[in-house]
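Engineer: have a look at this fold, sequence not included:
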C-alpha cells in the first residue's frame with residue numbers, strides 16, 4: 001500500500017487503480033497485516049501490473065508466510081475484478097483481529113513505511 005514498505009516494489013512496475021475490498025479477516029501482526037479466511041471485508045489497494053517480473057519480486061518481498069491467490073475484488077466504483085491478494089499462513093498466536101478490515105486506519109503510515117501493507121491486490125492487465 002502507498003506509504004508502506006512494499007510500495008516501492010510495486011511502483012517499479014504497477015500503477016494504482018483505486019481501493020478494493022475482499023472477503024476475509026485482517027490480522028494485525030505487529031509491523032504488518034495478514035489477510036486470512038473469514039466472513040468480514042478487508043480493504044486494500046488495487047494495482048495494474050505492467051511487467052511480468054513484478055509478481056515474483058513481490059512474492060520474494062512478502063516472504064514464505066504469504067501466499068499469492070486470485071480473488072474477486074469489489075472495486076470502489078461498484079465493479080468487480082479478479083486480482084492477486086496475499087494470504088497469511090504463518091503463526092497467529094500474537095495476532096489481533098482488525099475488526100473493520102482497514103489496516104491504514106488501524107496503523108497509519110508515519111514518514112517512512114512501517115511494514116507490509118495488506119496488499120497488493122494486483123489486477124492483471
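Structural biologist: Done, it's in. Quick caveat: nothing in here was measured; it's all calculated off a predicted structure.
Engineer: CA atoms for contacts and neighbours, from now on please.
Structural biologist: Noted.
Engineer: how near is residue 78 to residue 100?
Structural biologist: Counting by CA to CA, to the nearest Å, the separation of residue 78 from residue 100 is 19 Å.
Engineer: counting contacts, what elements does the helix or strand containing residue 43 pack onto?
Structural biologist: Assigned by DSSP states H and E, residue 43 belongs to strand 33-49. Here strand 33-49 touches strand 14-28, strand 80-88, strand 121-123, going by 3 or more CA pairs under 8 Å, 6 or more residues apart in numbering; DSSP states H and E.
Engineer: hang on, the earlier thing: residue 78 and residue 100: who's more crowded?
Structural biologist: More crowded of residue 78 and residue 100, by other CA atoms under 10 Å: residue 100, with 14 against 8.
Engineer: hang on, that one in a helix?
Structural biologist: No: Residue 100 is assigned coil when assessed by DSSP: H, G, I helix; E, B strand; the rest coil, not a helix.
Engineer: that one against residue 44, yeah?
Structural biologist: No: between residue 100 and residue 44 there is no contact under CA atoms under 8 Å: 11.9 Å.
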